[in-house]
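**Student:** model this:
(one chain, ligands or ions: 1)
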Amino acid sequence: MADTRTRQIKQLLSEINRAGVRNRRVLTAISTVPREAFVRETSLADAWANRALPIEEGQTISQPLIVGLMSQALELEGNERILEIGTGSGYQAAILAELGAEVVTIERYPRLAERARERLEELGYSNVEVVVGDGTLGWPERAPYHGIIVTAAAPHLPRPFEEQLSQVPGSRIVIPIGRADEQELMIYERTKDGLREMSLGPVRFVPLIGQEGWQE
Ligand code: SAM
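**Tutor:** From the prediction side, this is the model:
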């Protein structure tokens, strides 16, 4: 029911706001993108819960709090070109598009990429390009990127990301790095003197599998 949905959205926003998502534009984007369009039918009742949920190919749609923190960490103002690694359902890409970004998003499973492309098109997100490939190599065709956001866990920062990140100070890579069972959410920010490293705390993501990530 519409009232229940409105109440669930309000509760989610207040929960993630208390947990650190302070950026108004990010909160508005999260309340605008219909998360129910990105989850499986069996998860519809939990679409607005602050939880990661299962999607096809044994993957997940990330927890809204993490989507909020990662989106906020990019400090977008609108019109930036962003590379996302790990399209999954397409939800994070839709949030970035809502924030005004031009998004290139890579997924290694063709079936997930195809579903995400269809969804994003149906919802009218024309500024998102979904491509299939090994995202650990980035996507040099459209580089440089103002931001690179990685929604799967990497053992280390893949070299191509630094190469494909814009030289403009303030450009950022947001990526979970660490062991397979726990990582730290890292921000690498371009400065005049190289990349500055910051941690946003512990997180848990599915593995980034590829040439510059984990082996299958
Ligand atoms: N951002 C997604 C969303 O909003 O639904 C959630 C992503 S899910 C946590 C991680 C995704 O990364 C999975 O769909 C997985 O197949 C993908 N992935 C893992 N390794 C990859 C790689 N090397 N290149 C591209 N995608 C990869």
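**Student:** So the residue nearest the centre of the chain, which state does it fall into?
**Tutor:** The centre of the chain sits closest to Gln92, judged by Cα atoms, centre = their mean, with a distance of 4.2 Å. Judged by DSSP: H, G, I helix; E, B strand; the rest coil, the three-state class of Gln92 is helix.
**Student:** Identify the residues contacting it.
**Tutor:** By Cβ atoms under 8 Å, 6 or more residues apart in numbering, the residues touching Gln92 are 62, 67, 70-71, 84, 86, 105, 149, 151. All C-beta atoms are positioned from the backbone trio N, CA, C, and that covers glycine.
**Student:** Of the residues you listed, which belong to helices?
**Tutor:** 67, 70-71 (DSSP state H).
**Student:** from those residues, which is closest to the ligand?
**Tutor:** Using Cβ to the nearest ligand atom, Val67 is the member of the ones in helices among the contacts of Gln92 that lies nearest the ligand, at 6.6 Å.
**Student:** Look at that closest one and say how many residues are nearby.
**Tutor:** Around Val67 there are 26 other residues, counting by other Cβ atoms under 10 Å.
**Student:** Touching, it and Ile95? I think so.
**Tutor:** Yes: at 5.9 Å, Val67 counts as touching Ile95 under the criterion of Cβ atoms under 8 Å.
**Student:** Strands along the protein, start to end?
**Tutor:** Using DSSP state E, the strands of the chain run over 53-54, 60-61, 81-85, 102-107, 128-132, 147-150, 172-178, 183-191, 194-203.
**Student:** Comparing the ones you listed, which comes out most buried?
**Tutor:** Among the strands of the chain, strand 147-150 has the highest mean neighbour count (mean count of other Cβ atoms under 10 Å), at a mean of 27.
**Student:** Would you tell me whether that strand gets close to the ligand?
**Tutor:** No: Strand 147-150 does not reach the ligand (Cβ under 6 Å from any ligand atom); its nearest approach is 8.3 Å.
**Student:** Show me what Gly178 is bridged to.
**Tutor:** Gln183 (DSSP bridges).
**Student:** Relative to the ligand, how far out is it?
**Tutor:** 15 Å (Cβ to the nearest ligand atom, to the nearest Å).
**Student:** got the contact list for that residue?
**Tutor:** 153, 155, 184.
**Student:** For the chain, give me the ranges with low pLDDT.
**Tutor:** Within the chain, the segments meeting pLDDT under 70 span 1.
**Student:** biggest helix in it by residues?
**Tutor:** The chain, longest helix under DSSP H: helix 2-18.
**Student:** That helix packs against which elements?
**Tutor:** Helices and strands touching helix 2-18, by 3 or more Cβ pairs under 8 Å, 6 or more residues apart in numbering; DSSP states H and E, are helix 24-32, helix 64-73.
**Student:** Just name the most buried of the ones you listed.
**Tutor:** Mean neighbour counts for the helices and strands packed on helix 2-18 (mean count of other Cβ under 10 Å) peak at helix 64-73, with a mean of 24.
**Student:** what's in contact with that helix?
**Tutor:** Residues contacting helix 64-73 (Cβ under 8 Å, 6+ apart): 12, 15-16, 19-23, 26-27, 29-30, 35, 50, 52, 62, 91-92, 95-96, 99, 149, 151, 172, 174, 185, 187, 200, 203.
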